[in-house]
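Kindly generate the corresponding structure for this input.
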Amino acid sequence: MTFERDAKTLELPWPFIGREDELELVRRCVTGARHGIVVTGPAGCGKTRLVTEAVRGSDCAKVAGTPETRQLPFAAFAHLLPETVSLHRAVQLLSGVRLLIVDDAHLLDDSSAALVHQLAVHGRTRLLVVATDGAPVPGAVSRLWTGELLPRLTLEALPRVETEQLLAGVEALTADRLYRLCQGDLRLLRDLLGAVREHGPLTRVPDSGEWAWRGPVPLTATVRERTAPLLDRTGPGERETLERLAFGEPVPLDADALDLHVLEDLEADGLVHVDERGAVRLAHPLHGPVLRAAAGRLRARRLARTPDSCTAALETESAALAGAMELADVRAIPAPVGEWLLDEGARVPAGHAAVRARFSRLRGELREAAAWAREGLRDADDPSCRLELALAAAQSGETGNETRDEMTSSREIAEGSAAAWPAAARGDLFAALEAITDEPYDAVRLGAPERAVGRLTGVFAAHADALARGDGPALDRVAGQLEQRGMLLFAAEAHAQAVRAHRDPRAARTSRTRAVALARRCQGARTPALSGLVLGELTARQRQIVTLAAAGLSNRQIAEKLTLSIRTVGNHLYSAYARLGASDRGALPWLVALPEAQPA
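Residues are numbered from 1 along each chain as shown. Below is the predicted model:
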């Protein structure tokens, strides 16, 4: 398998994704009785973008603090005030401003901070104040919320599901790598993706049309800024210890190469982490790649491990993943060696790739499962990887010839119950059930628990029993157990089945909400149990626009038909994609065609 190069044509739209509740809260604070709001959160989490979206189309003034002007009086307001002005006069001059955005308020000079505080006290100007958590904040700014002048919204890092929505068109393992490196820092995410697009080995994945990134992390200005506390360590032995971890983590605590006194200092400063098993790792996923990229060639050659040296560690990881699946517990397990091979662009053995693909599929991470399977197929036609690729495709609702070809590529696969899923994806449940031979739980997932009687144990047997009895509360309890075990797709399906089993409409709505929330985390899963479930979660306007988009109308045509702006149509579609767990229009016809789509 080869990757097609020339990534210059990759389009990187950066829509506003998620944050619907937060957006509505900020808008209410701008248009309602309140005098504004303070939005805080970690660097790069999208605070400024949220505020900008909330006031889009409104007439407002904007000021911002900067590190270079913290000692200059009223520096942030220089474009709104005369050169020399008192605080009292500044308040008077700005009293006519209806709406004021104050960005990077933690960097305001003292005079500007006092002016913002006074504007909040007088209450004639609505304020949207943005500040970064963890940074020193002028007292006049912090008193905005501690003194209860303005409410405070603490913004968390963008969740993984929404981050994946931003990375539409990017292969799942690359999206996972970017998420691991950036941890919700959208500024860093955009910087890394831009650098990889411009200079890195961004490649087209055959058959999927997606883009993949393998290779070192580019040391951009933003990356260096985020890792300065790491790169600037100069204590005796500190850099040597950090680099040994970067090229070989996890390292046993009792390893001869590690100085315990140095480790204590690094741990105290939050740069390394020691787990309960005594394994030492760097504290942030970005740190290892940055240290490896910053090391010179000779130093990297001396410290770096090779793919051949990873065989034993990789077998240990595979065994741990397989053991977890045997115990029906697929909660996340650290598997850094396989991820390191992948990130470096080294060959991942087909056996390990197949295990990773199955583990991801059982977790409901279908796009990741398909991507791991493709990695295993790069150099060999491995039946296990081909099976996992086909299962991931079929449970994502794909019904094309490629999926059928994957399933029929070997006699063993063609005769097994895995052949049920392409039939299920085509809507032929009778054929799907007839094909099941070796995976009785598939019959439960497809709504025929009677075919699994006496063939299941534990939570899977409980699922079959609850479904056979039509016991909604029991199905919800089973769903909770499956979720605890990391099996999010199975949990979503159990909640969806509970919707139809409940006699209490309120309980049915609760099950439906839980099923939708879990299904959104399953990377486009579209199985019979979920049919008719997600579309009803949209607003009436979103359903209307999604239906027209599924029929093939462009955004402009939809806007003309509904007398809306093209931007409004686009915003509704992006919100709908997020709720449906879809990345583009390709999934819409399947969703809209499903039966039993009920109004929200």
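
Low-confidence bits of the stretch 101-250 of the chain, can you list those?
200 (pLDDT under 70).

do the chain as well
In the chain (pLDDT under 70), the answer is 1-14, 200, 399-417, 532, 534-538, 578-600.

Quick check, central residue of it?
residue 160 (1.8 Å; CA atoms, centre = their mean).

Check whether it really touches residue 179, as I assumed.
Yes: the pair residue 160 / residue 179 is scored as a contact, 5.6 Å apart, by CB atoms under 8 Å. Using the backbone N, CA and C atoms, a C-beta is placed for each residue, glycine as well.

quick one, phi psi at residue 154?
With angles defined as degrees, to the nearest 10, residue 154 sits at phi -90, psi 110.

ok, it touching residue 42?
No: Residue 154 is beyond contact range of residue 42, at 9.7 Å (criterion: CB under 8 Å).

list residues touching both of those two?
Common contact partners of residue 154 and residue 42 (CB atoms under 8 Å, 6 or more residues apart in numbering): residue 133.

Which one of the two is surrounded by more residues?
residue 42 (18 against 14; other CB atoms under 10 Å).

Now the more buried one: closest residue in space, sequence neighbours ignored.
Leaving aside its chain neighbours, residue 42 sits nearest to residue 133 (5.5 Å; criterion: CB to CB, 6 or more residues apart in numbering).

which residues does the one you found contact?
Going by CB under 8 Å, 6+ apart, residue 133 touches 40-42, 154.

out of those, which are inside strands?
Mapping the contacts of residue 133 onto strands (DSSP state E) picks out 40-41, 154.

out of those residues, who's nearest residue 375?
Within the ones in strands among the contacts of residue 133, the smallest distance to residue 375 is 35.0 Å, found for residue 41 (CB to CB).

what is that closest one paired to in the beta sheet?
Per DSSP bridges, the residues bridged to residue 41 are residue 132.

List the contacts of it.
47, 132-133, 154-157.

one more time with 10 Å, if that's ok
Counting by CB atoms under 10 Å, 6 or more residues apart in numbering, residue 41 makes contact with 22, 47, 50, 130-134, 153-158, 184.

can you give me the helices for the stretch 101-250 of the chain?
110-122, 139-146, 160-166, 172-182, 186-199, 221-226, 228-231, 238-248 (DSSP state H, counting those that start in this stretch).

Just the CA atoms of stretch 93-111, as PDB, please.
Below are the C-alpha coordinates for stretch 93-111, written out as PDB (Å, rounded to 0.1, in the frame of the first residue of the first chain):
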ATOM      1  CA  LEU A  93     -15.900  58.900  26.700                       C
ATOM      2  CA  LEU A  94     -16.800  55.200  26.500                       C
ATOM      3  CA  SER A  95     -20.200  55.400  28.000                       C
ATOM      4  CA  GLY A  96     -21.800  55.500  24.600                       C
ATOM      5  CA  VAL A  97     -20.300  52.200  23.500                       C
ATOM      6  CA  ARG A  98     -23.100  49.700  23.700                       C
ATOM      7  CA  LEU A  99     -21.000  46.500  23.400                       C
ATOM      8  CA  LEU A 100     -17.300  46.100  24.200                       C
ATOM      9  CA  ILE A 101     -15.100  42.900  23.700                       C
ATOM     10  CA  VAL A 102     -12.000  42.800  25.900                       C
ATOM     11  CA  ASP A 103      -9.700  40.100  24.700                       C
ATOM     12  CA  ASP A 104      -6.700  38.700  26.600                       C
ATOM     13  CA  ALA A 105      -7.800  40.700  29.600                       C
ATOM     14  CA  HIS A 106      -5.100  38.900  31.700                       C
ATOM     15  CA  LEU A 107      -2.500  41.000  29.700                       C
ATOM     16  CA  LEU A 108      -4.200  44.400  30.300                       C
ATOM     17  CA  ASP A 109      -2.200  47.300  31.800                       C
ATOM     18  CA  ASP A 110      -3.400  48.400  35.200                       C
ATOM     19  CA  SER A 111      -5.200  51.500  33.800                       C
END
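
Please state the offset of stretch 132-140 from the chain centre?
Computed by CA atoms, centre = their mean, to the nearest Å, the chain-centroid distance of stretch 132-140 equals 28 Å.

For it, could you pull out the residues that count as buried?
Of all the residues in stretch 132-140, those buried under the rule 16 or more other CB atoms under 10 Å are 132, 137-138, 140.

What's the local residue count around residue 57?
Neighbour count of residue 57, defined by other CB under 10 Å: 6.

Checking my notes, it in a helix, right?
No: according to DSSP: H, G, I helix; E, B strand; the rest coil, residue 57 belongs to no helix; its state is coil.

Pull the number of nearby residues for residue 254.
9.

so which helix or strand takes in it?
Residue 254 belongs to no helix or strand when assigned by DSSP states H and E.

burial count for the nearest residue to it once chain neighbours are set aside?
Using CB to CB, 6+ apart and skipping residues adjacent in sequence, the residue nearest residue 254 is residue 278, 7.1 Å away. Around residue 278 there are 12 other residues, counting by other CB under 10 Å.

List the contacts of residue 278.
250-255.

Can you report phi and psi for it?
Main-chain dihedrals, residue 278, degrees, to the nearest 10: phi 80, psi 20.

Return the distance of it relative to residue 267.
Between residue 278 and residue 267 the computed distance is 13 Å (CB to CB, to the nearest Å).

Need the helices of the stretch 101-250 of the chain in a markdown table (columns: distance to residue 99).
Converted to a markdown table, the helices of the stretch 101-250 of the chain look like this (distance: least, CB to CB, whole Å):
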| stretch | distance to residue 99 |
| --- | --- |
| helix 110-122 | 11 |
| helix 139-146 | 16 |
| helix 160-166 | 27 |
| helix 172-182 | 31 |
| helix 186-199 | 24 |
| helix 221-226 | 30 |
| helix 228-231 | 36 |
| helix 238-248 | 47 |
